[in-house]
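Novice: predicted coordinates and the sequence they were generated for:
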Amino acid sequence: MTTPFAYEAIDQAGRRVSGIVHEADRHRAMRKLNGQGFHPTRIEKAQQQARDTAGEPVAKRKLKPAEVELFIRQLAKMTASSMPLDRALGVIAAVPSDPAAGLAHALRLSLRSGIPPSRSFAQHPEAFDAAIVALIEAGQVSGQMSQALEEAERLLTRRNQLRQQILSASIYPAILVTVAIASVLGILLFVIPRFQSLVADPSIQLPLAAQVVFGLSAWLSGLDLLLLPVLAALVFGTVSLARSPAAREALITALSRLPQVRMLIEEVRATQFCRLAGALLTRNVSLLPALDIAMRMEKGAAATALAEARRHLQEGATLSGALEKTALFPPIVARMARIGEETGTSGAMLQRAADILDERIERRTKRFLVLFQPAILLVLGLVIGGLLYGLFSAILAINQSIL
């Protein structure tokens with residue numbers, strides 16, 4: 001049985017090379033490399049394993065967003081220094097402690113088997129979404145892979161920054177919600193039942209609010225030992241749905257009916273389109289192929305609208321005119337496209353539109369987060385206030401029956 005060893009070596013031409021060699025032990029791996037004309041400078045067992053040409057199994061671990069960003073940043077830096085993509089992937093794959101080593105090795109094997117970079121990256125949707133794959137294809141078509149990787153790095157950086165802002169701003173509301181749920185359960189399970197015997201008299205006419213509160217308390221108390229499993233199932237189900245792409249898509253579709261959310265979704269979609277199309281056009285890719293690549297990021301109604309825009313372009317329309325007819329993106333996209341057509345800088349103007357939309361998205365997100373916390377407090381106040389109102393209305397009803 002052989003073991004994969006990651007190595008770095010100097011070849012006969014004095015160039016630094018790296019890769020994976022499979023042998024029974026380190027000594028035999030060293031001899032094999034020497035026999036091939038290499039002078040190893042480092043050799044160690046590869047901890048991340050992937051299926052290679054020798055048929056060895058490779059396990060894949062889903063990378064965190066920050067790890068994917070670092071992986072793309074490393075590729076961008078190395079390719080910017082004129083290192084081929086295959087070589088850059090080999091450098092990362094040869095470091096077993098790197099979380100992306102297995103992914104880099106799998107990508108490198110795909111490239112060496114003749115699969116284009118865009119298709120190689122598309123084989124790993126757990127790490128690269130459609131926007132990143134489209135940017136890789138842009139670099140592949142234009143022959144400027146380092147610039148495409150730099151654009152992908154900027155996109156991932158902005159996403160992760162936005163994600164961190166939302167997570168940071170959600171900590172306080174999450175604590176509030178947790179405390180409020182515990183308070184509501186405490187009131188319903190321990191406070192309300194103490195008054196149950198007082199309202200058991202059929203002669204007492206309880207108000208509707210009191211009937212609801214006491215009925216809910218009795219139902220929860222009746223669950224008894226089932227309460228914890230039910231709560232655990234609810235938490236597990238919520239987490240599972242949050243991780244499901246289909247559930248997230250359904251949630252986005254539902255939220256898009258709200259005007260502000262729909263506007264935010266449109267701006268995010270427009271930013272990705274402008275970034276990609278602008279990058280392609282500035283790299284001398286013609287308009288129709290650029291639109292074809294950008295269309296691969298979209299699905300559903302958005303993909304249909306871009307296909308309609310492409311048809312208008314084939315009929316002789318300008319890009320700004322085609323985008324205006326589809327009404328898929330905010331008006332600023334068509335306006336900036338028109339300026340680019342007039343000045344001969346369509347790519348640069350689309351990228352400028354993406355910058356403007358990025359600023360809008362950041363402002364809109366911050367405004368939403370600022371309003372989110374007071375909204376949570378208001379909802380929690382109404383819930384707890386409703387419980388207390390039901391309890392006090394029952395107490396008043398008892399006093400009236402005594403009098």
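Specialist: Yes, it's here.
Novice: the helices in the stretch 301-403 of the chain, which residues?
Specialist: 301-314, 319-326, 331-343, 346-402 (DSSP state H, counting those that start in this stretch).
Novice: for the last one, which helices and strands make contact with it?
Specialist: Spelled out, that is helix 346-402. Judged by 3 or more CB pairs under 8 Å, 6 or more residues apart in numbering; DSSP states H and E, the packing partners of helix 346-402 are helix 145-186, helix 208-223, helix 259-282, helix 331-343. Using the backbone N, CA and C atoms, a C-beta is placed for each residue, glycine as well.
Novice: that helix - what's its average pLDDT?
Specialist: Throughout helix 346-402, pLDDT has a mean value of 85.
Novice: now do it: distance to the chain's middle.
Specialist: Relative to its parent chain, helix 346-402 has a centroid offset of 24 Å by CA atoms, centre = their mean, to the nearest Å.
Novice: which residues touch the spatially closest residue to residue 198 that is not a sequence neighbour?
Specialist: Spatial nearest neighbour of residue 198, excluding adjacent residues (CB to CB, 6 or more residues apart in numbering): residue 398 at 5.5 Å. Shown here is residue 398, whose contacts under the criterion CB atoms under 8 Å, 6 or more residues apart in numbering are 198-199, 204.
Novice: quick one, which of the helices of the stretch 301-403 of the chain is nearest to residue 5?
Specialist: With distances scored as CB to CB, the stretch of the helices of the stretch 301-403 of the chain nearest to residue 5 is helix 346-402 (44.5 Å).
Novice: tell me if residue 42 really is in a strand.
Specialist: Yes. Residue 42 forms part of a strand when assessed by DSSP: H, G, I helix; E, B strand; the rest coil.
Novice: isn't it up against residue 8?
Specialist: Yes. With the criterion set as CB atoms under 8 Å, residue 42 and residue 8 qualify as a contacting pair; they are 4.5 Å apart.
Novice: to residue 98, which of the helices of the stretch 301-403 of the chain lies closest?
Specialist: With CB to CB as the yardstick, what comes closest out of the helices of the stretch 301-403 of the chain is helix 346-402 (30.0 Å).
Novice: give me the angle between that closest one and helix 208-223.
Specialist: Angle of helix 346-402 versus helix 208-223, following axes from the mean of the first three to the mean of the last three CA atoms, to 10 degrees, is 100 degrees.
Novice: checking the closest residue to residue 38 other than its chain neighbours next. Helix, strand or coil?
Specialist: Distance criterion CB to CB, 6+ apart; nearest residue to residue 38, sequence neighbours excluded, is residue 9 at 3.9 Å. For residue 9, the secondary structure call by three-state DSSP comes out as strand.
Novice: try residue 299
Specialist: coil.
Novice: what's around it, how many residues?
Specialist: By the measure other CB atoms under 10 Å, the count of residues near residue 299 is 11.
Novice: show the pLDDT at it.
Specialist: On pLDDT, residue 299 comes in at 73.
Novice: any idea how far residue 362 is from it?
Specialist: When CB to CB, to the nearest Å is applied, the distance between residue 299 and residue 362 equals 26 Å.
Novice: for residue 34, see how far away residue 90 is.
Specialist: Taken as CB to CB, the spacing of residue 90 relative to residue 34 amounts to 19 Å.
Novice: more neighbours: which of the two?
Specialist: In this comparison of residue 90 against residue 34, neighbours counted by other CB under 10 Å, the higher total goes to residue 90 at 24 against 12.
Novice: rewinding a little: and the contacts of residue 398, which are buried?
Specialist: Buried residues within these, defined by neighbour count using 16 or more other CB atoms under 10 Å: residue 199.
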